[in-house]
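> 3D, please:
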Amino acid sequence: MISYPKEKINVLLLENVHQDAFQLFQKDGFNVRLLPQALGEDELSKEIENIHVLGIRSKTNLTAPVLAKAKRLMTVGCFCIGTNQVDLAEAEKKGIPVFNAPYSNTRSVAELVIAEIVMLARRVPDHIRNTHAGIWNKISKNCFEVRGKTLGIVGYGHIGSQVSVLAEAMGLKVVYYDTQTVLPLGNATPLNSYEELLAASDFITFHVPELPETTNLYGAKEIKATKKGAYIINLSRGKVVDLEALAEAIKSGHIAGAGVDVFPQEPESNSDPFITPLQNLQNVILTPHIGGSTEEAQKNIGTEVASKLLKFVNNGSTTFAVNFPNMELNSIPQGMYRILNVHKNQPGFLKDINSMVSEIGANISSQHLGTSAEIGYLSMVINMSVGDELKERIERHPGSIKTRILY
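Numbers count the residues shown, from 1 in each chain. Below is the predicted model:
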């Protein structure tokens, strides 16, 4: 018996995933394709029928109807931080672990935040526009150093804390608010409430995930609570800031400027038009979702996510999966095989499996089980001679979702 041939494992990488990811799969012997664009639901539904490993970025939506067509899909890699473009619950129920890259573009986003803080404080967007138009407007009014000013960070995770370190090096006083208790780096000060941060900060930057509770996290009510003359920066998720309310606040002068990189609706491709209420306003930086778009970040993301996918396919490890029991597995001993099974998390399943092993006279070398509320993920290392028979028996169990064998 041999493992399923790698050349028959189809890998599809979409949205210009970095070439390093493509090369890692190709070097390991997989049949891999790299496409530059996202796929719509209909097209993806057709493609996914014969795909074993899928790699996407932020514009490909992996919905329940698409997953219903994914009969062969083993795993999904989101080559970005966010995973809200994937129906994680549905993927879990179908035994499909999803991996992402929560750390790889941290530095790139943090650097852009710091750059925008300086540019907004010096009103650089207006100076650039005027100078390109042939207007020489050398002034110092309403232009400030950032040293000594207060930066409020909403969400003190990987990116927020990195921004904190860089900002403090620039001489900014850093305060932050997070719904979880997070230890500060350097001299950053945690605040007791979001409202306290809004009132105290000269600059406010958001670094939160897209969740129901973060939709319009910054709207008309929060603008009223914000210190007059503050600057707003959002490089997190497009639905976090109410752009209509922010535009009105900039027009009225209550907010002195803004830097926005993410939007509630973004074009599907570079050739599609883009409209936002923030266009053509004073002291506003608008960028096309480029926070993590550096060569370094995309290379790191490509390597990180591809490595996680390869490790899962090759030995079954699910460490760092966002929707799956996390399990770190060792290499398979010589002359043995590993059986991997995803099943409904229900009482008695493991007892039934062990009974099957006993009935065929096999010996379990090692066994690991991880569970979530919905599923169980089982790994057993066992002698090869009973492999096919045991796999077939497990697959017939009414609670079994997906089973595969590695040699």
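> can you list the weak-confidence ranges in this structure?
For the chain, applying pLDDT under 70 flags the ranges 1-3, 384.
> go with 80
1-4, 268-269, 384-388 (pLDDT under 80).
> That one: helices as residue ranges?
Along the chain, counting by DSSP state H, helices occupy 19-27, 41-47, 64-68, 88-93, 106-121, 124-132, 158-169, 194-200, 220-225, 243-252, 295-315, 349-359, 387-396.
> Going by neighbour count, list what's buried in the third one.
Of the residues in helix 64-68, those buried by neighbour count under the rule 16 or more other CB atoms under 10 Å are V66, L67. Bear in mind the C-beta positions are built from the backbone N, C-alpha and C, glycine included.
> Return the distance of it from the chain's centre.
Centroid separation for helix 64-68 versus its chain: 20 Å, with CA atoms, centre = their mean, to the nearest Å.
> Name the residues that touch it?
E41, L44, S45, I48, L73, D87, E90, A91, K94, I96 (CB atoms under 8 Å, 6 or more residues apart in numbering).
> pretty sure the first one contacts N61?
Right, the one you point to is E41. Yes: using CB atoms under 8 Å, E41 is in contact with N61, at 6.7 Å.
> re earlier: pull out the buried members of the contacts of helix 64-68.
Buried members of the contacts of helix 64-68, counted by 16+ other CB under 10 Å: L44, S45, I48, L73, D87, E90, A91, K94, I96.
> which among the residues you listed gets closest to A225?
D87 (35.3 Å; CB to CB).
> Spatially nearest residue to that closest one, not counting backbone neighbours?
Counting by CB to CB, 6 or more residues apart in numbering, D87 lies nearest to A64, which is 5.0 Å off, once chain neighbours are set aside.
> so how far is V86 from that neighbour?
As for A64, its distance to V86 is 10 Å (criterion: CB to CB, to the nearest Å).
> one step back: go through the helices of the chain and name the closest to F324.
Nearest to F324 among the helices of the chain is helix 88-93; the distance by CB to CB comes to 6.3 Å.
> What are the boundaries of the strands in the stretch 151-300 of the chain?
173-177, 189-190, 203-206, 230-234, 255-260, 284-286 (DSSP state E, counting those that start in this stretch).
> Now tabulate the ones you listed in TSV and tack on mean neighbour count and distance to Q334.
TSV is the format used below for these (neighbours: other CB atoms under 10 Å; distance: least, CB to CB, whole Å):
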stretch	mean neighbour count	distance to Q334
strand 173-177	22	52
strand 189-190	14	52
strand 203-206	26	52
strand 230-234	26	54
strand 255-260	24	56
strand 284-286	19	59
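> So for Q37, which of those strands sits nearest?
Closest approach to Q37 among the strands of the stretch 151-300 of the chain (CB to CB): strand 284-286, 23.3 Å.
> other SSEs contacting that closest one?
Applying 3 or more CB pairs under 8 Å, 6 or more residues apart in numbering; DSSP states H and E, one finds that strand 284-286 makes contact with helix 106-121, strand 255-260.
> most neighbours per residue, which of the ones you listed?
Mean neighbours per residue, mean count of other CB atoms under 10 Å, is largest over these for strand 255-260, with a mean of 24.
> mind listing what that one pairs with, with the direction of each?
Sheet pairing for strand 255-260, assigned by DSSP bridges, gives strand 230-234 (parallel), strand 284-286 (parallel).
> and of those strands, who's closest to V357?
Across those, V357 has its closest neighbour in strand 230-234 (54.2 Å, CB to CB).
> the inter-axis angle of the closest one versus helix 158-169?
Computed by axes from the mean of the first three to the mean of the last three CA atoms, to 10 degrees, the angle separating strand 230-234 from helix 158-169 equals 140 degrees.
> so strand 230-234 versus helix 243-252, what angle?
With the same axes, to 10 degrees defining the directions, strand 230-234 sits at 150 degrees from helix 243-252.
> So M74 sits against V53, correct?
Yes: if you go by CB under 8 Å, M74 and V53 touch, sitting 6.1 Å apart.
> More neighbours: the two, which one.
V53 (24 against 19; other CB atoms under 10 Å).
> Show me the beta-bridge partners of the more buried one.
V11, T75.
> contacting residues around it?
9-12, 25, 30, 73-77, 309, 313.
> Then M74?
So M74 contacts H52, V53, I96, F312, V313, R404 (CB under 8 Å, 6+ apart).
> which of these lies closest to P190?
Closest to P190, out of all of these and judged by CB to CB, is F312, at 36.5 Å.
> What sits closest to the closest one if chain neighbours are left out?
Distances taken as CB to CB, 6+ apart place T75 nearest to F312, at 5.3 Å, with adjacent residues excluded.
> hang on, isn't the one you found packed against F99?
Yes: judged on CB under 8 Å, T75 makes contact with F99 at a distance of 7.0 Å.
> follow-up on the earlier one: which one of the strands paired with strand 255-260 lies nearest to N187?
strand 230-234 (20.6 Å).
> So what's the gap between that closest one and the chain middle?
With CA atoms, centre = their mean, you get 23 Å for strand 230-234.
> swap in stretch 152-167?
Put simply, stretch 152-167 sits 17 Å off its chain's centre (CA atoms, centre = their mean).
> Which residues outside that stretch are in contact with it?
102-103, 106-107, 109-111, 113-114, 117, 151, 174-178, 182, 184-186, 188, 190-191, 194, 197-198, 200-201, 203-208, 217, 235-236.
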